[in-house]
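[1] Here you go, sequence then predicted model.
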Amino acid sequence: MCGIAGYTTFYKDKAHVSSLEAMGNAIAHRGPDASDTYIDDKLALVHRRLAIIDLSEAGVQPMHSNDGRYVIIFNGEIYNYQEHRKQLEVEGYPFKTHTDTEVILALYDKYGTECLAHLNGMFAFALWDKTKEHLFIARDRMGKKPLYYHYVNGDIFFASELKSLMAVNAFPKTIRQDAVYDFFAYQYVPDPKTIFEEVFKLPPGHFMVFSAQGMVKKKYWDVSFAEQGIESESEFTSRLNDKLLTCTKNRMVSDVPLGAFLSGGVDSSGVVALMSQIAAENDGNRITTCSIGFDDEKYNEVEFAQAVADQYHTNHHEFTVHQNVKDNLRNITRYFDEPFADPSLVPTFFVSELAREQVTVAVAGDGGDEVFAGYEKYAVDHLENKLRDKFPSWLRRSVFPLLAKCCGLISATPFKRARSLLNSLSVSPDMGFYISNSFITDEQWQFLVRPEFNKELGSYHPCKVTLDAYQAADGPDHLSKILYTDMKTYLPGGILVKVDRMSMANSLEVRAPILDYEVVELAAKVPSEYKFKVSEENPSGEKKHILKKLFQPMLPKEILYRKKMGFSVPLAEWLRGELKEIAEDCLFSRDCGVSNYFKPQAIQKMWDEHQSGKRDNSSPLWSMLMFQLWWDEYMETKQ
C-alpha cells in the first residue's frame, strides 16, 4: 500500500523537484518506508512506499521496465501476480524483483490497457509509455484505492489524495455547490465529483489515457445482476465457500506481519474463521486480531469478538474508546481532505492504530453487507415495498405527504418514524430508498439552507445520485437494483474511503476478501431470495441469509443470528457531552464554512433542540461539525 502523485508537462513549464516532493510529502503517511521521483520533459512522478511484498531496495518505485520504455507508480496489491509471473517467465519475460508492480509492467507490455482484465486486486496506478508519450491511469473494480485528478490547460495532475493536489501552488479551491448538498445528504461526496469544481475522482472500474492530444476515459468493468443462477441454495453456498476460501488465502500473502480486524459481527468473524482454517492447514502461527469497544454497552461488541478470538485461539487485542474522541477528532478528520461524516470513522481510526502496533497488514470483513444484503435498511425497504403495494398510487402521492406533514408537527419518536415512512411510501421505490437512507430530510434542508445558496443550486437534488445508479442496474428485482446502487455509491464513496483513509493514516494496509471482484460477480448471480430470505418463520426477512449459512459450521448461533449493531458510535451522547464544546466552537464562532450555506439562527435552533432532548438532530449536526472541521483544515479559516 502506498501513495502516488504526479503531473504531465505537455503544455506547462518543466517539472520542479520541489513541487513534486511537496505532493509526496502531503501523503507521506501512506508510505513511510521510502520515497522517490521520476522526471522527464513530459512527466513528473512521485511515490511513497509502504513495503509489503519484496522489502528490498529492488521494490522501490517509480519502477522501470527492463527495456526502459515504461515507468510505473502503483498503490495497492495484485493478488494473482504470482500465477501471471510464472506464465510470463515461460514466455521469456525477465524479472529483477519479486514484486507485483513489475508484473503489471510486463502485463501492460503484453496486453496494453487490456492488462486490467488480468489483474485481481486493489489498485490505483499510473504507467508512462515513454515511446508513445501516453500516461495510463487505472483504478480497481470496486474502488478500494483512491485516485483524484485535475485536468487543466492540456495537462493532468493526479494523486492518491486531494491534499497532494492541494500542495501544488495556485490549486483552485472553488467549492462545487451541488457537492455540498450531496455531502449533507450522504455524509460523503459521491464520485466522480469532489468538493472542488475542477477536481474529480476516477470512478471504480475505470481507466484514463492522457497524451498531448487530450484525455480518454473508459469503463472496463461493471457488475451484472442480469443472469441469476439456477443452482440450489446449498450449491451456491458451496461455490461461495470455495471462492471465499481462495480469496482469503490470497490475501494472507505478505512479507510483513499480518492480522485481522474482528468486530464480533458476521463478516469479520467469518473472515477470521477462514484465516484460522487456512493458517492451521499450513502450520501457520495464530492469527492476530484487533477489536474496538465502547464504555456504552449499547455500542459495545467486544464480548462477541472475544468469543470468536477464544474459539480460534487468536492473539487478540482490544481497545476501549473512552475520553479519546475529543482529544483526537481534529487529528483524525484532517486525513479526510474533503468533507466526510460517517461517524464510524472514529472507531475505524482507533482499530487501525491498534492493529498497526501489531501488524502491517489487516484483513477485514468489509463488503458483506453490500454484497449479501446485510444492512437493516434492506429489511426496512422490504417492509416499505410491501406496504407500498397495498395502496393505490394516487392515494400515496396525494394523501401520504399531507399525513407526513402532520406527523412532523409532533417531535415524539413514533411520529418521526411515521413521517419518514409516509414520505417514503408516497414516492417510487427508488426514491423511497433514497429518502430512507439520506441523512438530511428535505424539510431540514429547507429549514437550514440560506436562500441565496438554495437559488444557486437551482433544481438540483442529491437524489439524482441514487436514482441514476438504480436506473443503471440490470437486476431483475428491486433488491438487486438497490444492492447495485449501494455498490456504486455508498460502498466506494463511504465505506471504502473511510477504511482507506483511517488505515493509511496509521500506515496500515487493509485487505477485504469479500470484495474480491470474483466473489462479487458470483454473488450477483445468487437469487435475491437466498440473500434476503423471507419465510413463514421470519416474514420480515433474514438478512445475509446465504452468507450466514456459509459460516454456520464455523461460528456459533449467537454470533450469526444476533441483532446487527454495525460499527456504531454514541453520536447523540457525544454531541451532548464530550464533543459539546468543540461542536459549539465550530458551529457558532466561525465567519465562514457551514455559515456560508446554512442560516446561523437555524443551526442554533437545531442545536438547542438536540441539547434539550426534544429532538435527536445528531446526524445533521455531526455533518455540520465535520464540514467545519474540514473547512478549518483546508480552506484556511482564521481562528
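    Yep, it's here.
[2] low-confidence ranges in the protein?
    Residue ranges of the chain with pLDDT under 70: 1, 296-300, 322-323, 408-409, 411-413, 415-416, 564-568, 637-639.
[3] ok, now how distant is the residue nearest to Met142 when sequence neighbours are not counted from Ser459?
    Spatial nearest neighbour of Met142, excluding adjacent residues (C-beta to C-beta, 6 or more residues apart in numbering): Leu515 at 5.1 Å. C-betas here are computed from N, CA, C, even on glycine. Distance, Leu515 to Ser459, using C-beta to C-beta, to the nearest Å: 36 Å.
[4] The stretch 51-200 of the chain: strands as residue ranges?
    63-64, 70-78, 121-129, 134-139, 148-152, 155-159, 200-201 (DSSP state E, counting those that start in this stretch).
[5] by how many degrees do the fourth one and strand 148-152 diverge?
    With axes from the mean of the first three to the mean of the last three C-alpha atoms, to 10 degrees as the basis, strand 134-139 and strand 148-152 are set at 150 degrees to each other.
[6] Same question for the third one.
    When the same axes, to 10 degrees is applied, the directions of strand 121-129 and strand 148-152 differ by 30 degrees.
[7] And strand 121-129, what does it pack against?
    If you count contacts as 3 or more C-beta pairs under 8 Å, 6 or more residues apart in numbering; DSSP states H and E, strand 121-129 packs onto strand 2-8, strand 43-49, strand 70-78, helix 100-111, strand 134-139.
[8] Apply 7 Å and report the result again.
    strand 2-8, strand 70-78, strand 134-139 (3 or more C-beta pairs under 7 Å, 6 or more residues apart in numbering; DSSP states H and E).
[9] got JSON lines for the strands of the stretch 51-200 of the chain, with mean neighbour count too?
    Listed next are the strands of the stretch 51-200 of the chain as JSON lines, based on neighbours: other C-beta atoms under 10 Å:
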{"stretch": "strand 63-64", "mean neighbour count": "20"}
{"stretch": "strand 70-78", "mean neighbour count": "25"}
{"stretch": "strand 121-129", "mean neighbour count": "24"}
{"stretch": "strand 134-139", "mean neighbour count": "23"}
{"stretch": "strand 148-152", "mean neighbour count": "20"}
{"stretch": "strand 155-159", "mean neighbour count": "23"}
{"stretch": "strand 200-201", "mean neighbour count": "21"}
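[10] closest one to Asp283 among the ones you listed?
    Across the strands of the stretch 51-200 of the chain, Asp283 has its closest neighbour in strand 70-78 (24.0 Å, C-beta to C-beta).
[11] Show residues contacting the closest one.
    With C-beta atoms under 7 Å, 6 or more residues apart in numbering as the test, strand 70-78 has contacts from 1-4, 6, 38, 45, 47, 52, 61-64, 100-101, 103-105, 108-109, 119-129, 140, 145, 160, 511.
[12] Repeat that for stretch 521-530.
    Against stretch 521-530 from outside (C-beta under 7 Å, 6+ apart): 223-225, 227-229, 233, 236, 239-240, 243, 371-372, 477, 479-480, 545-546.
[13] Out of those residues, which sit inside helices?
    Counting by DSSP state H, the part of the contacts of stretch 521-530 found in helices is 233, 236, 239-240, 243, 371-372, 479-480, 545-546.
[14] Max pairwise distance over the residues you listed: which two?
    Maximum distance among the ones in helices among the contacts of stretch 521-530 (C-beta to C-beta): 21.0 Å, for Lys243 and Leu479.
[15] Let me know the closest of the ones in helices among the contacts of stretch 521-530 to Ala28.
    Among the ones in helices among the contacts of stretch 521-530, Val371 lies closest to Ala28 (C-beta to C-beta), at 33.5 Å.
[16] Quick check: that closest one vs Leu107, distance?
    From Val371 over to Leu107 the distance is 27 Å, taken as C-beta to C-beta.
[17] who's more crowded, the two?
    More neighbours surround Val371 than the other of Val371 and Leu107, with 27 against 23 (other C-beta atoms under 10 Å).
[18] what's the closest non-adjacent residue to that one?
    Excluding its sequence neighbours, the residue lying closest to Val371 (C-beta to C-beta, 6+ apart) is Ala523, at 4.8 Å.
[19] For Met626, which residues are in contact?
    Contact partners of Met626, counting by C-beta under 7 Å, 6+ apart, are 333, 339-341.
[20] does it sit in a helix, a strand or a coil?
    Under the three-state scheme (DSSP: H, G, I helix; E, B strand; the rest coil), Met626 adopts helix.
[21] Leu515 and Ser459: which is more packed in?
    Leu515 (26 against 5).
[22] Confirm for me that that one is in contact with Asp140.
    No: counting by C-beta atoms under 7 Å, Leu515 stays clear of Asp140, with 9.5 Å between them.
[23] how about the helices of the stretch 451-600 of the chain, start to end?
    Taking DSSP state H, counting those that start in this stretch as the criterion, the stretch 451-600 of the chain contains helices spanning 451-457, 463-472, 478-488, 490, 496-504, 517-525, 528-531, 545-551, 557-560, 571-576, 580-588, 600-612.
[24] Tell me which helix or strand comes right after the third one.
    Using DSSP states H and E, the helix or strand that follows helix 478-488 in sequence is helix 490.
[25] Relative to the whole chain's centre, how far out is that next one?
    The chain centroid and the centroid of helix 490 are separated by 7 Å, computed with C-alpha atoms, centre = their mean, to the nearest Å.
[26] can you start the count at 32 instead of 1 from here on
    Sounds good: first residue 32 from here, last item helix 521.
[27] Give me the contacts around that helix.
    Nothing outside helix 521 qualifies as a contact, by C-beta under 7 Å, 6+ apart.
[28] and with 10 Å instead?
    With C-beta atoms under 10 Å, 6 or more residues apart in numbering as the test, helix 521 has contacts from 217-219, 221, 373, 400-401, 406, 408, 468, 496-497, 500, 527.
[29] how much space between the nearest residue to Glu262 once chain neighbours are set aside and Phe292?
    Leaving aside its sequence neighbours, Glu262 sits nearest to Arg270 (C-beta to C-beta, 6+ apart; 7.3 Å). Between Arg270 and Phe292 the computed distance is 26 Å (C-beta to C-beta).
[30] what's the closest of the contacts of Met657 to Phe380?
    Closest to Phe380 out of the contacts of Met657 is Thr364 (9.4 Å), distances taken as C-beta to C-beta.
[31] tell me, what's touching Leu546 and Asp171 both at once?
    153, 527.
[32] re earlier: tabulate the helices and strands packed on strand 152-160 (TSV), appending distance to Asp461.
    Shown next, in TSV, are the helices and strands packed on strand 152-160 (distance: least, C-beta to C-beta, whole Å):
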stretch	distance to Asp461
strand 33-39	36
strand 101-109	33
strand 165-170	26
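[33] which one of the ones in helices among the contacts of stretch 552-561 is nearest Gly123?
    Comparing the ones in helices among the contacts of stretch 552-561 against Gly123 with C-beta to C-beta places Lys274 closest, at 32.4 Å.
[34] what separates that closest one from Ala89, distance-wise?
    To Ala89, Lys274 is 33 Å away according to C-beta to C-beta.
[35] check contacts around the residue nearest to the spatial centre of the chain.
    In the chain, the residue lying closest to the centroid (C-alpha atoms, centre = their mean) is Leu527, at 1.7 Å. By C-beta under 10 Å, 6+ apart, Leu527 lies in contact with 153, 171, 173-177, 235, 397-398, 521, 541, 543, 546.
[36] one step back: mind checking which of Lys274 and Leu510 has more residues around it?
    Leu510 (21 against 17).
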